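[1] Requesting a structural model of the entry that follows:
(chains A and B)
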Amino acid sequence: MTLRVELRKQRGDFLVDVAFGAPTPGITALFGRSGCGKSTTISMIAGLLRPDSGRVIVDDDVLLDTGRHVEVDARHRRIGVVFQDARLFPHLDVRDNLEYGLRRAHATAVHAIRFDDVLGMLGLEALLARRPHELSGGEKQRVALGRALLAQPRLLLLDEPLASLDAARREDVMPYLERVRDAFSIPIVYVSHQFDEVLRLATRMVLLEDGRAAAEGDLATVSRHPALRAIVGPDAVGAVLTGIVTRVDAGLSTVRVGDAELKVELDSAAEGQRIQIQVLARDVIVATESPRGLSVRNVVPARIVAISPDVGRSVLVELEIGRAATVLARVTSRAAEELALARDMQAWVLIKTVSLRGHAFSMAAGQDLTGPAR
Amino acid sequence: MLAPEESAALLLSLSVAARSVLINLPFAIGVAWLLTRRQFVGRTLFDAFVHLPLVLPPVVVGYLLLVVFGVRGPLGGWLYDTFGIQLAFSTAGAALATAVMSFPLVVRSIRIALDGVDRGLEDAARTLGAGPLDRFFSITLPLIAPGILAGAVTAFAAGLGEFGAVITFASNIPGETRTLPLALYTALQTPDGDAVAARLALISFSLGLAGLLVSELLARRLRARLGR
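    Numbering: from 1, shown residues only, chains lettered A, B, ... in the order given. Coordinates of the predicted model:
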């Protein structure tokens, strides 16, 4: 199942003009600053907002095509939406909220998502008799997620579901989102302006900038896009690598990225599991000779691909490792000059294991995504 | 205790007020919905028209009702010829006159409630497969129920005391259109009617107060159920 979107809408001075796709399964992140058109895009996909022109196609079903005057009403689109503010019906208890969409699910739809399964997966059993105002923020979002799932959607739109929660609550809800991602083969579009959420949940990303999709692709590719650097800020600039866990040894996992191997600390990982690792540019050291006698566990041969200006007096060095992935290193301009760093030069990258953040993805989510990284 | 004609007036008042609320509600919900959710040409004029009974002398409302609903009026004539229904000078007419007078109160109360409904909830219902009518009955109506109820109780309490429009349109017929205020007025016109008038005034006073209190209590309870 795939989603294909092309949408245009003028709102005052602001023009949203986006085109992107979302394959199944797994999560495609719609990432960008506040006010870049993320929520407007989501509303148009859901059918709650009419675009000036555009198309929304799920598989072969045309839900919207302004050129051919096709517009399926939101209620018939079978697109589940989880809003930032949950929007649970205050006059109904949790059970009735959950059953709202289930009762109205299309008779033709295969009722593949069952009430008891969702209840168990999202841990809602104890909440059934409560009313929305008796729930915590995290619980509300879990109920909203369950409600959307039970309407038997073929696509899920999550519009910053964690944005109104504090850090601890976000951690609480995150595993549930991972479970939903891994359990159902429903494509999910996940709107966020928090890169750590994206890193943990999504394998693909659409980068939205000023109402346009600036970049689209797997996380490893888009994470290196210059527009992203501006959004996340200099301290969070880095690259995302995807690899396979080849060995787990007392919390220290070996991850194969192309030909290269990295040691990463992972809380829970199993051999064969696919993981995404974020390597921050400020944590990467570049050496022109093979270094010895260091405590650093990750010393990987690399080739310099590009050198570009960075903030202040530093440059960003782009290095290819393992013939498959690219890392970014922040180096002062002076160091770059002294080492005479240049394109196509052979080098080594040094990365401290403790500075790596990795998130494992189950094989179910990873299978369709293990194709070429670029 | 009350004399037979006094308790008749009390019961009649209760019945007329209750019927006026029943006539009111469907129209008031519809009009409030139109005024909050739809943009149309003449909306401001329509809004003013709905509120007219608040500012017109009740006698004028009664007179206009006579013109329209009298046996020779355009609507009244048709009702009489087709169904044999005569509104003027009848209990049903008293209820109609009362309904028209309290209509703006009910509309206003429902309108405030509708303004307070988070449209996002209706959007959410839509993505969950609910059509327009379904959304209205499953989401909007329950959410504005406190407003409807408050409006209904206020209209009921106000309806117990409607005088001008009722006496003009429905006249002062004992047992048929002689409600509490009309009975009170009649008692004042009668020699030695002071004691009766005082009793009736006390009843009116208590009913009005009780109505307002009940309205507030019910609204509070419903709001608590909605967690607000």
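
[2] Quickly note the distance from residue A:247 to residue A:256.
    Between residue A:247 and residue A:256 the computed distance is 9 Å (CB to CB, to the nearest Å). C-betas here are computed from N, CA, C, even on glycine.

[3] Check residue B:117 too.
    55 Å.

[4] again with residue A:240
    Distance of residue A:240 to residue A:256, computed by CB to CB: 16 Å.

[5] from memory residue A:332 sits against residue A:316, does it?
    No. Between residue A:332 and residue A:316 there is no contact, the gap being 11.4 Å when judged by CB atoms under 8 Å.

[6] quick one, which of the two is more surrounded?
    Using other CB atoms under 10 Å in any protein chain shown as the criterion, residue A:332 and residue A:316 rank with residue A:316 on top: 21 against 13.

[7] how many neighbours does residue A:125 have?
    Neighbours of residue A:125 (other CB under 10 Å): 9.

[8] next one: residue A:341
    Residue A:341 has 19 nearby residues by other CB under 10 Å.

[9] show me the contacts for it.
    Contacts of residue A:341 were listed using CB atoms under 8 Å, 6 or more residues apart in numbering or on different chains, and they are A:286, A:288, A:304, A:307, A:317, A:331, A:347.

[10] just those residues now: which is nearest chain B?
    Comparing these against chain B with CB to the nearest CB places residue A:317 closest, at 46.2 Å.

[11] Find the nearest non-adjacent residue to the closest one, please.
    Distance criterion CB to CB, 6 or more residues apart in numbering or on different chains; nearest residue to residue A:317, sequence neighbours excluded, is residue A:329 at 4.5 Å.

[12] Quick check: that neighbour is in a strand.
    Yes. Counting by DSSP: H, G, I helix; E, B strand; the rest coil, residue A:329 falls inside a strand.

[13] From chain B, how far off is it?
    Per CB to the nearest CB, to the nearest Å, residue A:329 is found 45 Å from chain B.

[14] Near that residue, how many other residues are there?
    30.

[15] List the residues that contact it.
    Counting by CB under 8 Å, 6+ apart, residue A:329 has contacts A:281, A:284, A:285, A:286, A:316, A:317, A:319, A:349.

[16] those helices in chain B, which residues are they?
    B:4-37, B:43-55, B:58-69, B:74-83, B:91-115, B:119-127, B:132-135, B:141-159, B:164-169, B:180-189, B:194-225 (DSSP state H).

[17] Mean neighbour count added to the ones you listed, as CSV?
    Shown next, in CSV, are these (neighbours: other CB atoms under 10 Å in any protein chain shown):
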stretch, mean neighbour count
helix B:4-37, 19
helix B:43-55, 13
helix B:58-69, 19
helix B:74-83, 13
helix B:91-115, 24
helix B:119-127, 21
helix B:132-135, 14
helix B:141-159, 22
helix B:164-169, 25
helix B:180-189, 20
helix B:194-225, 15
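
[18] Spell out which parts of chain B neighbour chain A.
    For chain B, the residues in contact with chain A (CB under 8 Å from any CB of the partner chain) are B:118, B:120-121, B:123-131, B:134, B:138-139, B:142-143, B:225-228.

[19] what stretches of chain B score poorly on pLDDT?
    B:1, B:226-228 (pLDDT under 70).

[20] meant to ask about the stretch 251-374 of chain A
    Looking at the stretch 251-374 of chain A by pLDDT under 70, you get A:362-374.

[21] can you give me the helices for it?
    Secondary structure of the stretch 251-374 of chain A, counting by DSSP state H, counting those that start in this stretch: helices at A:333-338, A:363-366.

[22] hang on, the earlier thing: which members of the contacts of residue A:341 define the maximum pairwise distance?
    Distance extremes for the contacts of residue A:341: the farthest pair is A:288 and A:307 at 13.4 Å, using CB to CB.

[23] Compare the two and say which is more crowded by neighbours.
    Neighbour tally, residue A:288 and residue A:307, criterion other CB under 10 Å: the higher count belongs to residue A:307, 19 against 14.

[24] ok, that one - contacts?
    A:315, A:316, A:317, A:318, A:336, A:341, A:342, A:343.

[25] I'd like those laid out as TSV, including distance to residue A:115.
    Below are the contacts of residue A:307 laid out as TSV (distance: CB to CB, whole Å):
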residue	distance to residue A:115
A:315	56
A:316	51
A:317	53
A:318	50
A:336	60
A:341	59
A:342	62
A:343	58
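
[26] What are the contacting residues of stretch B:131-140?
    A:75, A:89, A:100, A:104, B:114, B:117, B:121, B:122, B:125, B:126, B:130.

[27] Am I right that the fifth one is in contact with residue B:37?
    Yes. Counting by CB under 8 Å, residue B:37 is a contact partner of residue B:114 at 7.2 Å.

[28] Residue A:279 contacts residue A:237, doesn't it?
    No. If you go by CB under 8 Å, residue A:279 and residue A:237 don't touch, sitting 10.4 Å apart.

[29] shared neighbours, these two?
    residue A:328.

[30] which of the two has more neighbours?
    residue A:279 (28 against 22).

[31] how close does that one sit to chain B?
    38 Å.

[32] Residue A:198 too?
    23 Å.

[33] One more: residue A:174?
    Using CB to the nearest CB, residue A:174 is found at 23 Å from chain B.

[34] Over to residue A:51?
    Distance from residue A:51 to chain B, by CB to the nearest CB: 16 Å.

[35] Equivalent analysis for residue A:322, please.
    Taking CB to the nearest CB, one finds residue A:322 at 43 Å from chain B.

[36] Likewise for residue A:94?
    Taking CB to the nearest CB, one finds residue A:94 at 13 Å from chain B.

[37] In contact with that residue, which residues are there?
    Neighbours of residue A:94 in contact, by CB under 8 Å, 6+ apart: A:88, A:124, A:127, A:128, A:129, A:130, A:131, A:132, A:135, A:143.

[38] Pull out the buried positions in stretch A:300-318.
    By 16 or more other CB atoms under 10 Å in any protein chain shown, the buried positions in stretch A:300-318 come out as A:300, A:302, A:304, A:307, A:310, A:314, A:315, A:316, A:317, A:318.

[39] Distance from that stretch to the middle of the chain?
    25 Å (CA atoms, centre = their mean, to the nearest Å).

[40] And for stretch A:161-172?
    16 Å.
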